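1. what follows is a predicted structure for the sequence shown.
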Amino acid sequence: MQRLFSSFPNGGPGVGLLLLRSAAAGVAILQGVQCLIGSPNPPPQTWVSAALSIVSAIAILIGVLTPVASLLLVVTVALFWFPQRAAGVFLDTISSCLIAVNATAIALLGPGAFSLDARLFGRREIYIFDDTPPTKP
């Protein structure tokens, strides 16, 4: 997983990535929940789109498997609109495109230091101790 990212930035860039992840995930979760409860009998396409949207958004929010979850979110945003508009969609096309672009940016930039990916797959320091006894001259 570490190969997918050059680094896990912290500080200002890390907070920026956290805000980007939070915004995209928050809207995706709201959209998924609205699709599930907004219509009395949603078709199977809506159920699948909403469930995938909620699961991928939660993964993005906590920062686990971020590139995969972000690309899955891009696909689910497209499923809300194609082949037909899902029941209960409150986002317009421009907002949906913005969420898809944000999710693509997250997939390309990585999760940042404030994520489970950074904790699980981040850079590590390896200490090598010399256990050999000292030799007498």
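-> Looks like it came in fine.

2. all contacts plus neighbour counts: C-alpha atoms, from now on.
-> OK.

3. give the next helix or strand downstream of the helix or strand hosting residue 105.
-> Per DSSP states H and E, residue 105 falls inside helix 93-109. Downstream of helix 93-109, the next assigned helix or strand under DSSP H and E is helix 116-121.

4. and that next one, C-alpha only, in PDB?
-> Extracted in PDB, the C-alpha atoms of helix 116-121 (Å, rounded to 0.1, in the frame of the first residue of the first chain):
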ATOM      1  CA  LEU A 116      -5.600   4.800   9.200                       C
ATOM      2  CA  ASP A 117      -3.600   4.200   6.000                       C
ATOM      3  CA  ALA A 118      -0.800   6.400   7.500                       C
ATOM      4  CA  ARG A 119      -1.000   4.500  10.700                       C
ATOM      5  CA  LEU A 120      -1.000   1.000   9.100                       C
ATOM      6  CA  PHE A 121       1.200   1.600   6.000                       C
END
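
5. quick check: chain neighbours aside, which residue is closest to the residue positioned nearest the centre of the chain?
-> The centre of the chain sits closest to residue 60, judged by CA atoms, centre = their mean, with a distance of 2.3 Å. Among residues not flanking residue 60 along the chain, residue 66 sits closest, at 5.5 Å (CA to CA, 6 or more residues apart in numbering).
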